[in-house]
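A.B. asks: Next come a sequence and a model predicted from it.
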Amino acid sequence: MKVLLNHPAREVEVKGPKRVRDLLKELSLLPESVLVVRGDDLVTEDDTLNDEDHIEIRPVISGG
Amino acid sequence: MRCRKCPNKAVLGIPRHHTAFCKRCLTEFVNDQVERAVAEEKMFAKTDRVLVAVSGGKDSLSLLDVLHRRGYQTAALYVDLGIGEYSRQSKAKVEQFVAARGITLHVHELKEEEGAGINDLADLIHRPTCSACGTIKRYHFNRTAVEHGYDVLATGHNLDDEASRLLGNVLHWQTEYLDKQGPSLPASVEGFAKKVKPLYRLAEREIAAYAVVNKIDYIVEECPNAKGAKMLLYKEILNRLEDESPGTKQAFYWGFLARQKAEAQARPSMAESDRALLHPCAKCGQPTTAEVCTYCKMMGRMMAKTHQRA
């Protein structure tokens, strides 16, 4: 699956199927610091992502 | 994961509340938390005119969205700091947002009004950019609210902002800043607007999720000046703790607020302290503890440097 990451914007390819929580672990990201978006929808940590999915990992932390 | 309030699929798990919500129930949760903050901290009423400081980011646009939808009398203020493409994009997001909802927008252009964008200005006066930026934004938030007769100024500071700021202040024992860390600061002296933070009960991730499910078009890019900022490090550290022990951030900040309230009964009120300390700036008339306020001092130094270079 294609995974779009931000800060800085970049795209990585990850093999599916994979649970959201495992994807975040693989990318060393804290669940509390990001949202995972599939298409236009938010997915939760127990959702499974597949090879054909387009995923965006959106950081939620801002400078304040 | 299922929503804990209805049979729909959840879009966000919220471990600190042992819950999960679908799109509709998440929106309800955010609305409820904002209303609870407004009521408990006596922030404002439906009859008050509320000026919301907006940056184009998820927090301030979501706050404006919630308040506008719930029938509060809102207007927006955007301070254009002149940070190249970042400012252009964030301003465009704000303009689109308010135009679609018919909300009044005030804009302060730093380059036009002060003669330099924030990066050049901070460079000229040898101050860290984020520190100069904070002073300038606070000054114009207050000044615009007072000059246009708004009852209250609202900012999009959330639980993560407040918990990380508290951590920074405690780590350096900057106890003089702790008094001003509450979510509702009174209009204690002439020239001081009442300031409130209606998102203090909500985590940054919950607000970002609200923005996504309600299709709020916000700027995802981080301010280029924030790279390496201490506040981001404090937030990351708190999120590591939150990951291990959900509820840590709210226990830290809300616990501080509870203690602050208990202690407040034994001390002079913030309004009384402010009245004893603050008076009008000799140059601009805004409240300050010194003869000339920090903003006017900064602008004076900038003008002097500009003349030296010319």
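C.D. replies: Structure received. Being a predicted model, the structure only gives us computed values, none of them experimental. Residues are numbered from 1 along each chain as shown, chains lettered A, B, ... in the order given.

A.B. asks: Show me the strands in the stretch 1-150 of chain B, by range?
C.D. replies: Using DSSP state E, counting those that start in this stretch, the strands of the stretch 1-150 of chain B run over B:12-14, B:19-21, B:49-53, B:73-80, B:105-109.

A.B. asks: Out of the ones you listed, which is closest to chain A?
C.D. replies: Nearest to chain A, of all the strands of the stretch 1-150 of chain B, is strand B:12-14, at 5.2 Å by Cβ to the nearest Cβ. Every residue, glycine included, has its C-beta placed from N, CA and C.

A.B. asks: about what we covered before: out of the strands of the stretch 1-150 of chain B, the one nearest residue B:250 is which?
C.D. replies: Nearest to residue B:250, of all those, is strand B:12-14, at 10.9 Å by Cβ to Cβ.

A.B. asks: Not counting sequence-adjacent ones, nearest residue to residue B:291?
C.D. replies: Among residues not flanking residue B:291 along the chain, residue B:282 sits closest, at 5.2 Å (Cβ to Cβ, 6 or more residues apart in numbering or on different chains).

A.B. asks: Residue B:124 too?
C.D. replies: In this structure, residue B:124 finds its nearest non-sequential neighbour in residue B:305, 4.5 Å apart by Cβ to Cβ, 6+ apart.

A.B. asks: Assumed that neighbour was part of a helix.
C.D. replies: Yes: counting by DSSP: H, G, I helix; E, B strand; the rest coil, residue B:305 is located in a helix.

A.B. asks: which one of the strands of the stretch 1-150 of chain B is the most hemmed in?
C.D. replies: strand B:49-53 (a mean of 25; mean count of other Cβ atoms under 10 Å in any protein chain shown).

A.B. asks: what helices or strands is that strand leaning on?
C.D. replies: Other helices and strands packing on strand B:49-53, by 3 or more Cβ pairs under 8 Å, 6 or more residues apart in numbering or on different chains; DSSP states H and E, are helix B:58-69, strand B:73-80, helix B:129-147, strand B:152-154.

A.B. asks: got a markdown table for these, with distance to residue A:5 and mean pLDDT too?
C.D. replies: Putting these into a markdown table (distance: least, Cβ to Cβ, whole Å; pLDDT from 0 to 100) gives the following:
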| stretch | distance to residue A:5 | mean pLDDT |
| --- | --- | --- |
| helix B:58-69 | 17 | 98 |
| strand B:73-80 | 28 | 98 |
| helix B:129-147 | 24 | 94 |
| strand B:152-154 | 32 | 98 |
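
A.B. asks: Could I get those in a markdown table, plus columns for distance to chain A?
C.D. replies: Formatted as a markdown table, the helices and strands packed on strand B:49-53 follow (distance: least, Cβ to the nearest Cβ, whole Å):
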| stretch | distance to chain A |
| --- | --- |
| helix B:58-69 | 7 |
| strand B:73-80 | 15 |
| helix B:129-147 | 7 |
| strand B:152-154 | 16 |
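
A.B. asks: Distance to residue B:117 added to these, as a markdown table?
C.D. replies: Formatted as a markdown table, these follow (distance: least, Cβ to Cβ, whole Å):
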| stretch | distance to residue B:117 |
| --- | --- |
| helix B:58-69 | 20 |
| strand B:73-80 | 9 |
| helix B:129-147 | 10 |
| strand B:152-154 | 23 |
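
A.B. asks: Please name the spatially closest residue to whichever residue of chain A sits closest to chain B (chain neighbours excluded).
C.D. replies: Going by Cβ to the nearest Cβ, chain B is nearest to residue A:63 of chain A, at 3.2 Å. Closest residue to residue A:63 apart from its sequence neighbours, by Cβ to Cβ, 6+ apart: residue B:226 at 3.2 Å.

A.B. asks: Check the gap between the one you found and residue B:104 for me.
C.D. replies: Plainly put, residue B:226 is 28 Å away from residue B:104 if you go by Cβ to Cβ, to the nearest Å.

A.B. asks: These two - which one has more neighbours?
C.D. replies: Between residue B:226 and residue B:104, counting by other Cβ atoms under 10 Å in any protein chain shown, residue B:226 is the more crowded of the two (18 against 13).

A.B. asks: give me every residue that touches the residue nearest to the spatial centre of chain A.
C.D. replies: Chain A has residue A:57 as the residue nearest its centroid, 3.7 Å off, counting by Cα atoms, centre = their mean. Going by Cβ atoms under 8 Å, 6 or more residues apart in numbering or on different chains, residue A:57 touches A:3, A:4, A:5, A:6, A:24, A:27, A:29, A:34, A:35, A:36, A:37.

A.B. asks: same thing but 10 Å
C.D. replies: A:3-7, A:12, A:20, A:23-24, A:27, A:29, A:33-37 (Cβ atoms under 10 Å, 6 or more residues apart in numbering or on different chains).

A.B. asks: before we move on, back to that, the residue nearest to residue B:291 in helix, strand or coil?
C.D. replies: For residue B:282, the assignment made with three-state DSSP gives coil.

A.B. asks: Which pLDDT does the model give it?
C.D. replies: Predicted confidence (pLDDT) at residue B:282: the value is 95.

A.B. asks: Any figure for the gap between it and residue B:169?
C.D. replies: Note on residue B:282: its distance to residue B:169, by Cβ to Cβ, is 29 Å.

A.B. asks: if you count what's nearby, which of the two comes out ahead?
C.D. replies: Neighbour totals were compared for residue B:282 and residue B:169, and residue B:169 leads with 17 against 12 (other Cβ under 10 Å).

A.B. asks: returning to what we had before: kindly reformat the strands of the stretch 1-150 of chain B as JSON lines and extend each row with distance to residue B:267.
C.D. replies: What follows is those, written out as JSON lines (distance: least, Cβ to Cβ, whole Å):
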{"stretch": "strand B:12-14", "distance to residue B:267": "35"}
{"stretch": "strand B:19-21", "distance to residue B:267": "37"}
{"stretch": "strand B:49-53", "distance to residue B:267": "29"}
{"stretch": "strand B:73-80", "distance to residue B:267": "32"}
{"stretch": "strand B:105-109", "distance to residue B:267": "35"}
